[in-house]
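1. quick check, what structure comes out for this input:
(one chain, ligands or ions: 1)
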Amino acid sequence: MTKNHMKTHCSILDSICLPDSKLPRIVIIGGGFGGLALVEKLKNKDVQVVLLDKNNFHQFQPLFYQVATSALEPDSIAFPFRKQISGYKNVSFRLANVVEIQPSSNTLITDKGSLTYDSLVLATGTETNFFGLENVERNCLGMKDIRDSLNIRHMMLQNLEQATITCNNEDRDALTNFVIVGGGPAGVEMAGSLAEFCKYILPKDYPEYPASLMHIYLVEASNELLGTMSKNASLKTLKYLKKLGVKVLLNESVIDYNGKVVQTKSGNTLLARNLIWTAGVKGHFPRGIDKEHITNGNRLKTDAYLKVEGYNNIYAIGDIASLISKDTPKGHPQVAQVAIQQGKHLAMTLMNLINKKPLTPFKYKDKGSLATVGKRRAVADLGNFKFAGYLAWLLWSIVHLMSISGFRNKLMVGFNWAVSYFTYEKSNRLIIRNFKPNLNIDESTEAISKKDLIPK
Ligand SMILES: Cc1cc2nc3c(=O)[nH]c(=O)nc-3n(C[C@H](O)[C@H](O)[C@H](O)COP(=O)(O)OP(=O)(O)OC[C@H]3O[C@@H](n4cnc5c(N)ncnc54)[C@H](O)[C@@H]3O)c2cc1C
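-> A predicted model of the protein is given here:
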């Protein structure tokens, strides 16, 4: 840390009001897994911590799909920052969207005003990557925010209601078909949960049409599901999904979508009003970082101490950071554990810098991967120990329950899961707000012939 970092603060550049403090100021942008882990480790230390986030809550992304499929309410997987930091004397939260970093003056520009920093930590995560497919982006839904999950839920429920109203078979097919793009954990978990919705809820709620009317397609560009997990996990997942009735299309990708007709790379078409995109993410962060320090996936190149290349006092952790080394030629995987471990490690680094102690490089400890496929089935890769089925699902449930912020949230999620374990009930099926899709249907592609459709 340079001398500049240690100076007393109350800069005239600050237009966001903060408590007076003579301590070095660490500003963290983003209270996701990485940012929060850092805050926790810096609480009550001799530094002024300012957490900035565009939301006033932390979101537990691994369970978005359960909000989308009516299994959980959004407030059971979101947690207010102010509650989290209550009692932390050296930590302030400010609700602000940071739009620009001005490294030359250690200043941040936000939608609410500016503020200065001694050390800056970028923990802003990722956004959905549509790989330049503009029509797809315009007409489908991603799953990167709790609002996205609610949009998916409302889209699905509205479309199922509309399907009971229409007498046109083709329209009804489109309304009850779901296409999920991306066979990673998010896509697999979403497909499994939707398939259970179809199996257990549809016949009860919509006796007008058979459950067999709802079709779920999972489209994956590579030749396997859960590509980052073991072969065993991938094959088991495929088997579980098929058993649940999901149609898995491997070596296939979506190239266009007008809100009703999905075009695939191999020339097939699918009719679906419901398209959910989980096929990729890219880093996003405020402007102001030199282009040469940005690498693949729009991530920031960091050194082994998580400092962004080319800067003295700017750090990056979590999904946005790319620490390229011999062991990690593509950077670390973009998962919660990496973000948490980097947040904790950076806290130690920053305190060691202030106290002029030696620094240690970051080393990721891989605790393994888990993914669930509907209820009672999951896959687990824990080092050399790879297993699947009920035990893996039990482990998945415990790990996720323990990781959710807040005792009340743990209780709510645990209670919901217990009820649904015995009843298969998904109780949150209210259409509270009217979701209006941004449809851009081109009539010429709407008139597709039946022979073009991928068979059900
Ligand atoms: C659907 C889904 C399922 C997933 N499932 C799993 C799983 O099962 N297991 C697993 O390990 N990982 C999973 N992940 C990945 C995991 O959620 C991420 O790796 C993790 O959230 C990364 O943490 P982070 O701190 O880097 O960023 P995030 O947790 O994304 O947090 C970023 C924060 O920055 C804030 N922010 C962003 N830009 C700004 C700005 N300009 N100004 C102010 N605030 C800003 C955001 O509001 C957010 O609070 C999943 C992700 C998704 C989307």
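
2. where do the domain boundaries of this structure fall?
-> The record's domain parsing of the chain by automatic domain parsing lists 3-54+96-128+281-354, 134-279+369-447.

3. got these as TSV, with mean pLDDT and mean neighbour count columns?
-> To be clear about C-beta, it is placed using only N, CA and C from the backbone, and glycine gets the same treatment. Shown next, in TSV, are the domains of the chain (pLDDT from 0 to 100; neighbours: other Cβ atoms under 10 Å):
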stretch	mean pLDDT	mean neighbour count
domain 3-54+96-128+281-354	94	19
domain 134-279+369-447	91	18
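
4. among the ones you listed, which is nearest the ligand?
-> Set against the ligand and scored by Cβ to the nearest ligand atom, those come closest in domain 3-54+96-128+281-354, at 1.9 Å.

5. who in the chain is up against the ligand?
-> Residues of the chain that fall close to the ligand, judged by Cβ under 6 Å from any ligand atom: 29-35, 52-55, 61-62, 64, 97-98, 123-125, 143-144, 185-186, 286, 318-320, 334-337, 339.

6. how about the helices in the chain?
-> 33-42, 64-68, 81-85, 134-139, 146-165, 169-176, 185-196, 202-205, 231-243, 336-354, 390-403, 407-423, 443-446 (DSSP state H).

7. list of residues touching the fifth one?
-> Spelled out, it's helix 146-165. Helix 146-165 is contacted from outside by 59, 64-65, 67-70, 74, 77-78, 141-143, 171-172, 175-176, 178, 194, 202, 205-206, 208-209, 213-214, 273-274, 276, 428-429, 431-435, 437, using Cβ atoms under 8 Å, 6 or more residues apart in numbering.

8. show the backbone phi and psi for residue 124.
-> For residue 124, the backbone dihedrals are phi -90, psi 0 (criterion: degrees, to the nearest 10).

9. right, and it touches residue 282 too?
-> No: if you go by Cβ atoms under 8 Å, residue 124 and residue 282 don't touch, sitting 11.7 Å apart.

10. how about the helices of the chain in a markdown table, adding distance to residue 48?
-> Converted to a markdown table, the helices of the chain look like this (distance: least, Cβ to Cβ, whole Å):
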| stretch | distance to residue 48 |
| --- | --- |
| helix 33-42 | 10 |
| helix 64-68 | 33 |
| helix 81-85 | 13 |
| helix 134-139 | 40 |
| helix 146-165 | 29 |
| helix 169-176 | 54 |
| helix 185-196 | 36 |
| helix 202-205 | 53 |
| helix 231-243 | 44 |
| helix 336-354 | 12 |
| helix 390-403 | 28 |
| helix 407-423 | 28 |
| helix 443-446 | 56 |
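
11. of the ones you listed, which is nearest residue 17?
-> Nearest to residue 17, of all the helices of the chain, is helix 81-85, at 15.9 Å by Cβ to Cβ.

12. so which elements touch the closest one?
-> Under the contact criterion of 3 or more Cβ pairs under 8 Å, 6 or more residues apart in numbering; DSSP states H and E, helix 81-85 touches helix 33-42, strand 48-53, strand 57-59, strand 91-95.

13. contacts only, for residue 294.
-> With Cβ under 8 Å, 6+ apart, residue 294 has these contacts: 300, 301.

14. quick check: beta-bridge partners of it?
-> Beta bridges link residue 294 to residue 300, judged by DSSP bridges.
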